[in-house]
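Q: heads up, no residue letters with this:
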């Protein structure tokens, strides 16, 4: 098509031949984009499912931490009572020793 003037039929033939390759490339790209969209949707569903599992695990661990905190608080109270029970007789013995030696 290096001539200056071409007929309408030659131009249409050139245009059809030139753009047919581009049209096929566009069709292939559209198919690829559709496949990627389908793949992305399935990936998003997988991630959503995994996030639900992770959130359940986090909730379970939070419940365990709360339970352990309550257990530690309870054991600290028990230890304080035990220390008090041991401290009172020791104080009486200490007073008895101090008063007895004076």
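A: Cool, the structure landed. The structure presented is a predicted model; accordingly, all values stated were derived computationally and were not measured.

Q: So which residues of the protein form strands?
A: Assigned strands in the chain: none (criterion: DSSP state E).

Q: Show me the shaky parts of it.
A: For the chain, the stretches flagged by pLDDT under 70 are 1-4, 6, 101-102.

Q: center of it, which residue is that?
A: residue 51 (5.5 Å; C-alpha atoms, centre = their mean).

Q: measure that one to residue 59 for me?
A: Counting by C-beta to C-beta, to the nearest Å, the separation of residue 51 from residue 59 is 12 Å. Placement of C-beta: from N, CA and C, glycine included.

Q: ditto for residue 91
A: 48 Å.

Q: Ok, residue 41 next?
A: Taken as C-beta to C-beta, the span from residue 41 to residue 59 is 27 Å.

Q: tell me the contacts of residue 31?
A: If you count contacts by C-beta atoms under 8 Å, 6 or more residues apart in numbering, residue 31 has none.

Q: ok, it to residue 56 distance?
A: For residue 31, the distance to residue 56 (C-beta to C-beta) stands at 38 Å.

Q: Check residue 70 too.
A: In this view, residue 70 and residue 56 are 21 Å apart by C-beta to C-beta.

Q: ditto for residue 90
A: 51 Å.

Q: ok, residue 81 - how many residues close by?
A: 10 (other C-beta atoms under 10 Å).

Q: swap in residue 32?
A: Applying other C-beta under 10 Å, we find 10 residues neighbouring residue 32.

Q: got it, and the one 4 residues further on?
A: The number of residues packed near residue 36 is 11, by other C-beta under 10 Å.
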